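Sharing a model prediction with you, sequence too.
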Amino acid sequence: MTTIDTATEAIAVPPGLLRRIIRQRQAKIGLVLTGIVVLVAVVGPLLLPWLTGYTSTEFAGRPFQPDGVFGTDNLGRDILSRFLGGGLTLLVFAALATALGMVLGTAAGMLAAYQGGALDGIIMRGNDVLLALPQLVFALLAITVLGPQGWVVVLVIGITHAPRIARVTRSAASAVITEDFIRASEMYAVPRWKILLKDVLPNITGPLMVELGLRMTYSIAAIASLSFLGLGMQPPTADWGLMINENRIALTVQPWGVILPVLAIAILTVGSNLITDAVARASATVEENK
Amino acid sequence: MRTLIEQQTEVALQATDLRVATALGKEILHGVSFTLQRGRMLALVGESGSGKTTAGLACLGYFRTGLKHVGGTVELSDGTDLLALTDAGRRGLRGGSISYVPQDPALSLNPAMRIGTQIMEVLRVHGYGASEQARRNRLAEVLTDVGLPNDAAYQRRWPHELSGGQQQRVGIAMAFAFRPEVMVMDEPTTGLDVTTQALVLQTIHQLVTTHAVAGLYITHDLAVVSEVADEVAVMLAGRIVEQGRSDQVLHDPQHAYTRKLLNAVPDLAGRHHIGEVEAVTGAMPIVSRERAASARVATPVVAEPTSLLSVADLRLSYGTNAVLNGIDFELGRGESLMLLGESGSGKTTAARCIAGLNDTYTGSVSLAGTTLQPGTRQRSAEERHRIQYVFQSPMSSLNPRRTIGESVEVPLHMSGTFSRKERRALVLEALDQVQLAASFIDRRPGQLSGGERQRAAIARALVNAPSVLVCDEVTSALDVSVQASIIDLLRTLQVETGMAMVFVTHNIALARHLSQRLAVLHAGRIVDIGPTDDVLENPQHSYTRELLTHVPTL
Amino acid sequence: MLGLILRRLSISAVILLIVSMLVFVATLLLPGDPAQAILGQQATPERLEALREQMNLNDPFAQRYLHWLGGLFVGDFGVSAASGGSVAALLGDRIAASLVLMALAAAISIPVGILVGTYSALRRGRAGDHAATGISLVLAALPDFVIGIALVTLFSTTVFTVLPSVTMAPPGEQVWDYPSQLILPVLTLVLVVMPYIIRMMRTTMIEVLDSGYVEMARLKGVPERQVIVRHALPHAIAPVAQVVAIQLAWLAGGIVVVEFLFRYPGVGQALVDAVTNRDVQVVQALAMLIAAVYVVVNLLADIVGIVTNPKLRTGGIR
């Protein structure tokens, strides 16, 4: 900590949130880990079939053979090709679901906290109802009715994130709303939407960023899980979750078809969780310095 | 207590060259020494951050998380160095021969334990008496000692079923149960009302003198020091800058800091002048009588026959709980009115109703003859401009994510008639009025001290040139020296701008320093109102009289 | 106190009712005729009509809902579209098997999680704490199937081959007759659930240890062990009960992936099969079952919170 000279009442300037996040070792590790996987997922599809000689759905030979770098999968497709081509959809879907959940949850949570009364009651009881079904069960119910399609997965994961985000937002926003600067804005008749946007939102970015990180981690896990259950991406799409489902019967013979996607998902989620934890620590120190 | 000064001089605890540092190695206590004697009370006085609590806790061999002992000794009457003992050795002394009374009993009493059990715990841990019955008897005895009921039903109460004053008495009973030699009291009356404070101080005084306990009283309040302490040590930034008998230190301070501190303490009699500027407003002499003549000259006396702000039959209740029971008063142009009341008297609620922050009241608030709508959003922009409100805590009233300039600009923005350039000019002017440099415009609240933030908050209220400024406990969150400078600023502003002011406070000592008229609020009613001197010298209501007898003075 | 608990109870009942409506309305969105789905394309119109009558498909919507809801209370979950048999018969054994899995996982992860979390809080900033928080941070990030596959790779296929990777109980015998087959599924669930309990316990304990009343207890000379047991732990119970409840409820959903991975004959696998076959009656029944578990567990956690808080218990809410 920097020195504070009480005699002259000089207060040290706390460094910005981002700088405090990056300064932590685990944030750096997290960024590197996530960076690697994101790079593979984004650049991978562009390298096909130039790098491996096959597209991600093309048959390369007989099933479970050690051909190519990592061998072939259950239908005889090149594992490396499927691995390189199979990460982008997961990332994009997870990002979309997270964004949807964040927008819905933040809006609902802030409104509930700010308006209070009946609206608060309705929003929070609605939350309780949505929370009563575990995320995965909710998703399975939606997939039963609407079929295993990409937009269904994004929508249902996003919607099931919303109540959890709304809870966090509401409690963070409630703390901010008791502050006098909100009352000051009320006193000057600042429009309500502007109070929410300029006074409340900037003061809850800490918990929201933590929530963003958590939900991204969970979205990746949930979407990969659905694909793993055979209820997310459908064959013959190349997808990490689906790859694990397809190849796990041959774990002893040809482990790469399972290990590559499992490793990628593990590194991705651990990386994003490390970043999230760093954000949480950094925003906690902001609170202390306030 | 003063009668005992020459009788007993047995040393109970001696702290020598105490040094405490943070885990990162930054020293925060730079060699503090003091002596505690039986039957006498030493007051450790300092503003926030001076290290007084750290020094007090060191007497129990206790250092908060993140702090460590790096030098010095705490010797007891038998010559053992407390700080050289093992953890178990120190624990045996804590609560036994050296006990502690916490600052905030609401936080320090275990909410999930009955109060009787909490006091019994001390007796059990240290093995008081031969039997459980002996301990039970002691429990009943100590509850009586601190002026609480001692029946079984009372012992079975939970902390949340007690008032603040009762909770603090339980804290004192806990500290006193084992008949300690030394008692360390950390601001035990902060947060209590004046009357309760006086009673608690009396209890402490009795215990210390009749049982020959050596007391260490940690406080920021010099007026309280003069009431309880035999000796005073003044702390500044981890050092004791002055130490001596309390009457000497308080009346003939040697160190510049002590003098500054004493000068900043508002006194009920208004004998001296807090702050530096000598301007006085209105027809009434506020501060020093000697200066009254010159002050009157500098005063823009606005003798307005009609009142500017008038409040009639203001009532408000939450459910069945009536907060305001009909408040009436008038405020003339350029006049300053103090709204005095203890916590729960409804003073803040009344102030908020006037400012339109609380729109559920009945009765009327009129400005220059026009009755105002209850809520700010229903009032016209012009009406909003003319009544401005300054909040209690400057830590909370400025958005930490906005620059001072942005925050101060909000009222101008909402009036919508100024260009960006005009707004900036007006903001700079307001900052200048509150004596903040132009460079503050781009800073954020986190970079400002408490006093600077409060100035910025006042600037926001001034930017629209209001006719009435409502100040809600604006100095209660500040150190006494900062309080003096803010009071001084408000006085100056009132002279310069000629605005009227409603100053809400719980601190009666500020009355003569700030207001021409004084209204005493009790249980949602004004029980006494009139020119400040009249009310203070000739109080009409018993509540005011009670308040005046209990207010601690230097 | 009783009033508070009753209030909480009625809220739970209302939530379950709304969930049941939600689950039932979902069926309306489904295209096609359930009777046709059960009997197949070759069914005669007479048989279709008879089945529709039997399944009350000709009744108005509200009546069908009430009939279905009434059935839930007496254990009549309807007819499976995929097998044509009764849903209750299909799920009977599986519910028991899943409960065994959940109970074992909870019995291990809750006490161990609370102990490790408390230990971590007491050793704040030291090596043991760093190890515990680091490991739980990594485990908390990993999806359940990743942990499961890692365990399978480690213990039953590639590295060691000491434990069975799939559950294969002969028909007529129960899963718990083969304890070695339970180890990996239970271990997976424990590793998924425990990190959250550890982290919550640690945070709560640290908060409590930093509180004024714990400091006061120390300043009273109360021995450290007694400070922790009498002053700190009671305050950590209510928030941890909440997290434990959430985790137990999560177990109800999380077993889906784990059962699928280990081919464990429980409700999770039945759910995946039912979703794959779009067997609505089964999905509905299981969704309601899992929601009921969630609501009941949360209710219990709230009651723990009410009972351990004297402010709520004595009704003295300010």
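Happy to help now that I have it.

C:Ala88 versus whatever residue of the stretch 301-450 of chain B ends up closest to chain C, what's the distance?
Nearest to chain C in the stretch 301-450 of chain B, going by CB to the nearest CB, is B:Asn321, at a distance of 11.3 Å. The C-beta positions use only the backbone N, C-alpha and C, and glycine is treated the same way. Going from B:Asn321 to C:Ala88 by CB to CB, to the nearest Å gives 55 Å.

what do you get for C:Gly266?
From C:Gly266 to C:Ala88 the distance is 16 Å (CB to CB).

Compare those two and say which one has the larger neighbour count.
Per other CB atoms under 10 Å in any protein chain shown, whichever of C:Gly266 and C:Ala88 has more neighbours is C:Gly266, with 27 against 17.

What is the burial count for the residue of the stretch 301-450 of chain B closest to chain C?
So B:Asn321, with other CB under 10 Å, has 8 neighbours.

Report pLDDT for it.
For B:Asn321, the pLDDT comes out at 80.

likewise the one 4 residues further on?
You'll see B:Asn325 listed with a pLDDT of 87.

and what of the one 5 residues further on?
Reported pLDDT at B:Glu330 in the predicted model: 87.

next one: the one 5 residues further on
If you check B:Glu335, the pLDDT there is 86.

burial count for it?
B:Glu335 has 25 neighbouring residues, counting by other CB under 10 Å.

For the residue nearest to it when sequence neighbours are not counted, which residues are in contact?
Sequence neighbours aside, B:Ala500 is the residue nearest to B:Glu335 in space, at 5.1 Å (criterion: CB to CB, 6 or more residues apart in numbering or on different chains). B:Ala500 sits next to B:Leu308, B:Leu309, B:Leu331, B:Gly332, B:Arg333, B:Gly334, B:Glu335, B:Ser336, B:Leu337, B:Ser467, B:Val468, B:Leu469 when contact means CB atoms under 8 Å, 6 or more residues apart in numbering or on different chains.

So for stretch A:184-196, mean pLDDT?
Mean predicted lDDT for stretch A:184-196 stands at 89.

before we move on, what about stretch B:219-231?
84.

Between the two ends of that stretch, what distance do you get?
13 Å (CA to CA, to the nearest Å).

Which positions in that stretch come out as buried?
Taking 16 or more other CB atoms under 10 Å in any protein chain shown as the neighbour-count basis, stretch B:219-231 is seen to contain the buried residues B:219-231.

And for stretch C:80-99?
C:80-83, C:86-88, C:90-91, C:93-94, C:97-98.

Of all pairs in those residues, which one spans the longest distance?
Farthest apart among the buried residues of stretch C:80-99 by CB to CB are C:Ala81 and C:Ala97. That separation is 22.7 Å.

How about A:Ser185, nearest residue that isn't a chain neighbour?
Looking at A:Ser185 with CB to CB, 6+ apart, the closest residue is A:Ile195, at 4.9 Å.

In contact with the spatially most central residue of chain B, which residues?
Chain B has B:Ser476 as the residue nearest its centroid, 5.3 Å off, counting by CA atoms, centre = their mean. By CB under 8 Å, 6+ apart, the contact set of B:Ser476 is B:Gln392, B:Thr505, B:His506, B:Asn507.

is it true that it lies in a helix?
No: checked against DSSP: H, G, I helix; E, B strand; the rest coil, B:Ser476 lies outside a helix; its state is coil.

so what's residue 227 up against?
Here I'm looking at chain A. A:Leu90, A:Met233, A:Asp239, A:Trp240, A:Gly241, A:Leu242, A:Asn245 are the contacts of A:Ser227 under CB under 8 Å, 6+ apart.

meant chain B, my bad for not saying
Contacts of B:Glu227 by CB under 8 Å, 6+ apart are B:Leu201, B:Pro552.

Kindly confirm my reading that it forms part of a helix.
Yes: counting by three-state DSSP, B:Glu227 is part of a helix.

Next one: it from chain C, what distance?
25 Å (CB to the nearest CB, to the nearest Å).

Could you tell me how far that residue is located from B:Met41?
Taking CB to CB, one finds B:Glu227 at 10 Å from B:Met41.

How about B:Val228?
6 Å.

Equivalent analysis for A:Gly85, please.
80 Å.

circling back to that earlier point, how about the contacts of B:Ala500 in a markdown table, adding secondary structure?
Shown next, in a markdown table, are these (three-state DSSP):
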| residue | secondary structure |
| --- | --- |
| B:Leu308 | coil |
| B:Leu309 | strand |
| B:Leu331 | strand |
| B:Gly332 | coil |
| B:Arg333 | coil |
| B:Gly334 | coil |
| B:Glu335 | coil |
| B:Ser336 | strand |
| B:Leu337 | strand |
| B:Ser467 | coil |
| B:Val468 | strand |
| B:Leu469 | strand |
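
can you pull out the helices in chain A?
Secondary structure of chain A (DSSP state H): helices located at A:17-23, A:25-47, A:79-85, A:88-115, A:117-131, A:135-146, A:150-177, A:180-187, A:192-194, A:205-228, A:240-247, A:256-289.

pLDDT at the closest residue to chain B within the stretch 1-150 of chain C, what is it?
Proximity of the stretch 1-150 of chain C to chain B (CB to the nearest CB) peaks at C:Arg124, 8.3 Å away. We have a pLDDT of 85 for C:Arg124.

How is it classified with respect to secondary structure?
coil.

Kindly state the pLDDT recorded for the closest residue in space to C:Val138 that isn't next to it in sequence?
Of all residues not flanking C:Val138 in the chain, A:Val270 sits nearest, at 5.3 Å (CB to CB, 6+ apart). Looking at A:Val270, its pLDDT reads 92.

can you pull the contacts of A:Val270?
So A:Val270 contacts A:Gly30, A:Leu33, C:Val138, C:Ala141, C:Leu142 (CB under 8 Å, 6+ apart).

now C:Phe145
With the criterion set at CB under 8 Å, 6+ apart, C:Phe145 makes contact with A:Ala224, A:Ser225, A:Phe228, A:Ile244, C:Val257, C:Val258, C:Leu261.

For stretch B:186-203, C-alpha coordinates in CSV please.
Taking Å, rounded to 0.1, in the frame of the first residue of the first chain, the C-alpha atoms of stretch B:186-203 are listed here in CSV:
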residue,chain,number,x,y,z
ASP,B,186,-12.7,2.2,23.7
GLU,B,187,-15.1,5.1,23.0
PRO,B,188,-17.8,3.4,25.1
THR,B,189,-20.3,6.3,24.7
THR,B,190,-19.9,7.1,21.0
GLY,B,191,-23.3,6.6,19.3
LEU,B,192,-25.2,7.1,22.6
ASP,B,193,-27.5,10.1,23.1
VAL,B,194,-26.3,12.8,25.5
THR,B,195,-28.5,11.8,28.3
THR,B,196,-27.6,8.1,28.1
GLN,B,197,-23.9,9.1,27.7
ALA,B,198,-24.0,11.1,30.9
LEU,B,199,-25.5,8.1,32.8
VAL,B,200,-23.0,5.6,31.3
LEU,B,201,-20.1,8.0,32.2
GLN,B,202,-21.4,8.2,35.7
THR,B,203,-21.5,4.4,36.0
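
How about it and chain C, touching?
No: using CB under 8 Å from any CB of the partner chain, stretch B:186-203 never reaches chain C; the gap is at least 9.9 Å.
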